[in-house]
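A.B. asks: Sharing a sequence plus its predicted fold:
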Amino acid sequence: MNTRITHTLIAVALGVGLLSGATASQVEITVENLTPSGGLYFTPVWVGIHDGSFDSFDAGSAASMSLQTLAETGNPGPLSGDFAVSGAGVDGVVFAPNGFAGAPVFDPGDSASITLNVDPAADRWLSFASMIIPSNDAFIGNDDPMAYEIFDATGVFTGPLEILVLGTQVWDAGTEANTELGAAFLDLPGMDTAEMGVVGLHPGFDPMGNILGGMTVAGTTVDPLLGDFTQQGYQIAKISINAVPEPGVIALLGAGLGLVRVSGRKRILGSTRA
């Protein structure tokens, strides 16, 4: 390999390095429902990237009103409002446009993304929350606000990052009894029952209850086996975080690859003439 090609490849490698290690002003967050057909749904996912000071909930403590609203109805608005008041960073909601008609929930297999503008020097940590449906008050989220570091202390992107959410990580908000009556997204009449509990890990659905084997408002049935998230290794969701490269970085990488192609072509022509 001649010196020119070597130098060009080094430039390209540096460009690739910039994509994964440099500061970024935008991040793309992709959410995917990993449950199989006949499995579980979840509501639009609230995501926040912050300075580490915003704590959406604590296991063993009572849920806030905003978390209760999300865990019982799937509405992320009050939680987003709390986040805005805190001034901790930037947030958004990931909707699944191909979900159940009229409701952008994540069906089994659905995937959707959102791009957020961030300050890498301040917005370092990721938090998320979404309601598992059908359920009374089951949800997913991280109780440690510093569990997922997106940028290090110098503002360098630490990803790409993938968060795998397992069934054993599903939370119970402790605000509505798990009677499975009045459960959101379940096509069954009944009244829910309020309770004054605390946030803890969800025990799973009642094998003899209404959810497993029950009909959803989308007209699907929750398979008793495929909807049992207490099974070992059961995967609920995957959250992927990637830096969106600056236009200058993309141009640099494109130019480097172009030079590789040109240099390689010249070398082939030279060899042919010889």
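C.D. replies: Great, that's in hand.

A.B. asks: check contacts around residue 49.
C.D. replies: Applying Cβ atoms under 8 Å, 6 or more residues apart in numbering to residue 49 gives the contacts 27, 89-91, 116, 118, 123-127, 150. In short, each C-beta sits where N, CA and C put it, glycine included.

A.B. asks: For the chain, give me the ranges with low pLDDT.
C.D. replies: Along the chain, the model assigns pLDDT under 70 to residues 1-24, 100-101, 246-274.

A.B. asks: how's it carved up into domains?
C.D. replies: According to automatic domain parsing, the chain comprises the domains 1-22+246-274, 25-243.

A.B. asks: Looking at those, which one is packed in the most?
C.D. replies: domain 25-243 (a mean of 19; mean count of other Cβ atoms under 10 Å).

A.B. asks: Between the two ends of it, how far is it?
C.D. replies: 8 Å (Cα to Cα, to the nearest Å).

A.B. asks: Can you show me the strands along the stretch 1-150 of the chain?
C.D. replies: Secondary structure of the stretch 1-150 of the chain by DSSP state E, counting those that start in this stretch: the strands cover 26-33, 41-42, 45-50, 89-94, 111-117, 125-133, 138-141.

A.B. asks: Quick one: list the elements packing against the second one.
C.D. replies: Identification of packing neighbours for strand 41-42 by 3 or more Cβ pairs under 8 Å, 6 or more residues apart in numbering; DSSP states H and E yields strand 125-133.

A.B. asks: So which elements touch the strand it packs on?
C.D. replies: So strand 125-133, by 3+ Cβ pairs under 8 Å, 6+ apart, packs with strand 41-42, strand 45-50, helix 65-73, strand 138-141, strand 161-166, strand 235-243.
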